[in-house]
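A.B. asks: When you get a sec, could you give me coordinates for this:
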Amino acid sequence: MWFWLALCAAVIWGFEYVFAEKVLDKVSVSSYVFLQFVFGFLLVAGWVLAKGHLGQDLKTIISSRQILIFLAINIICFLIGEALIAASVQNKNAAVAGLVEISYPFFIVLFTWVIFREVSINLFTFFGGLLILSGVSVIYFSNR
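C.D. replies: Numbering: from 1, shown residues only. I've put the predicted structure just below:
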């Protein structure tokens, strides 16, 4: 099931990038990201309230300094990452920016090991990651 969920997320992100490029041809990155978050907040607020988990989750977050710090880092990275990818799409195009951004799993593996000393890949996953990095290198050197 995890594979299909991840693949569906990739499809949705691909769809989003195509339309982001069209919006970012006419709208600033700051306004684009702002509007994403405002409308995203409204949609997610309804979702979280309907699910009824917010109270318990806030208690969990507040009671754990570690989870609070991890959440703060995650939010900051999400905001910066969203702004950077929007700027990248605006400065190049959605296809090339997306193909480079797809290298983020490499950094997941790297940071998981550097920060937590956990290894979450096997030999085949490692070689798949090398193929991704090879592809990003080809894209970079052919688009300079």
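A.B. asks: what about the longest helix in the chain?
C.D. replies: Across the chain, the longest stretch assigned as helix under DSSP state H is helix 65-91.
A.B. asks: residues contacting the residue nearest to Gly14 when sequence neighbours are not counted?
C.D. replies: What sits nearest to Gly14 in space, not counting adjacent residues and going by C-beta to C-beta, 6 or more residues apart in numbering, is Gly98, at 7.0 Å. All C-beta atoms are positioned from the backbone trio N, CA, C, and that covers glycine. If a contact means C-beta atoms under 8 Å, 6 or more residues apart in numbering, then Gly98 has Trp13, Gly14, Tyr17, Val89 as its contacts.
A.B. asks: Going by neighbour count, list what's buried in the helix or strand where Gly98 lies.
C.D. replies: Using DSSP states H and E, Gly98 sits within helix 94-101. Judged by neighbour count (16 or more other C-beta atoms under 10 Å), helix 94-101 contains these buried residues: Ala94, Val96, Ala97, Gly98, Leu99, Val100, Glu101.
A.B. asks: Pull the most distant pair out of the residues you listed.
C.D. replies: Greatest spacing in the buried residues of helix 94-101, by C-beta to C-beta: Ala94 and Val100 (11.1 Å).
A.B. asks: separation between the residue of the chain positioned farthest from its centre and Gly55?
C.D. replies: Here the chain reaches farthest from its C-alpha mean at Ser63, the gap being 26.7 Å by C-alpha atoms, centre = their mean. The gap separating Ser63 from Gly55 is 13 Å, by C-beta to C-beta, to the nearest Å.
A.B. asks: Would you map out the domains in the chain?
C.D. replies: 2-101, 102-144 (automatic domain parsing).
A.B. asks: Could you report the neighbour count for the spatially closest residue to Glu101 that is not a sequence neighbour?
C.D. replies: Closest residue to Glu101 apart from its sequence neighbours, by C-beta to C-beta, 6+ apart: Ile85 at 5.6 Å. Number of residues near Ile85 (other C-beta atoms under 10 Å) recorded here: 21.
A.B. asks: Ok, Val29 next?
C.D. replies: Here the number of neighbours of Val29 (other C-beta under 10 Å) works out to 18.
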